[in-house]
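Enquirer: no FASTA, just this:
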């Protein structure tokens, strides 16, 4: 009985820490925590409704993800990447996603392809209804699904690490109505190329799509 109680308490603590980490990450992505500004741990813990301990642990993990800068004796700040860092980040992501699109175009099973197309159609409906947040979440899922369908663990791990830092720039990019419309068209072309098993075209479309997203973000700053 004691083991069950201890295990249950540990699971609850783990759940609180994970939820706190996810909440702070979402606050960074949405801009609720502004890039470059100092993070007030006391205020943040009050906003989330947890003690300082899970907040501090979450900030350590987010620092490892490249979202937070922990400064000795000076607290922490939300990372504000330089334009050069953004270009480097999106260049690598674009290359990984080009490889993924090429792989999926030639290797995806009919069921996997249909799943990808279903996600795409749902995303387009969100665009038509101007549901920006829902669109962004599903757009992110589509990019993740293309990576998953490569069945390449090394590619998946590397991409996941980089995408954590790219979520904020990607979110900002679709606040431009012009880029949002352009992005949907690119996704439509991508799905058409994958359906035709045209790996070279699919890879090139996704490569340029990702690079353009990074450049659109930089235009805001």
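Expert: Alright, I've got the coordinates. Since the model is a prediction, treat every value here as computed from it, not as a measurement.
Enquirer: contacts and neighbour counts: CA atoms only from here.
Expert: Will do.
Enquirer: the spatially most central residue of the chain: which element?
Expert: Centroid check for the chain by CA atoms, centre = their mean gives residue 167 as the closest residue, at 3.8 Å. Using DSSP states H and E, residue 167 maps to helix 153-173.
Enquirer: what about that helix, average pLDDT?
Expert: Mean pLDDT, helix 153-173: 90.
Enquirer: mind listing residues that contact that helix?
Expert: With contacts defined as CA atoms under 8 Å, 6 or more residues apart in numbering, helix 153-173 is touched by 28-31, 65-67, 89-90, 93, 96, 136, 147-148, 179-180, 213-214, 216-217.
Enquirer: mind doing that once more with 6 Å?
Expert: 29, 216, 217 (CA atoms under 6 Å, 6 or more residues apart in numbering).
Enquirer: cool, and stretch 175-184?
Expert: residue 174.
Enquirer: all helices of the chain, in order?
Expert: Counting by DSSP state H, the chain has these helices, from start to end: 2-30, 41-48, 52-64, 83-107, 110-128, 132-148, 153-173, 177-195, 199-219.
Enquirer: now residue 32: how far from residue 134?
Expert: 18 Å (CA to CA, to the nearest Å).
Enquirer: so what's the nearest residue to residue 63 once chain neighbours are set aside bridging to?
Expert: Excluding the flanking residues, the one nearest residue 63 by CA to CA, 6 or more residues apart in numbering is residue 69, at 5.7 Å. Each beta-bridge partner of residue 69 is listed here, defined by DSSP bridges: residue 77.
Enquirer: quick one: contacts for residue 69?
Expert: Contacts for residue 69 (CA under 6 Å, 6+ apart) come out as 63, 76, 77, 79.
Enquirer: any chance of a markdown table for the residues you listed, columns neighbour count?
Expert: What follows is the contacts of residue 69, written out as a markdown table (neighbours: other CA atoms under 10 Å):
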| residue | neighbour count |
| --- | --- |
| 63 | 17 |
| 76 | 21 |
| 77 | 21 |
| 79 | 20 |
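Enquirer: which of these has the weakest pLDDT?
Expert: residue 79 (85).
Enquirer: phi, psi of it?
Expert: phi -60, psi 140 (degrees, to the nearest 10).
Enquirer: how close does it sit to residue 187?
Expert: Look at residue 79 and residue 187: by CA to CA, they are 30 Å apart.
Enquirer: cool, thanks, signing off.
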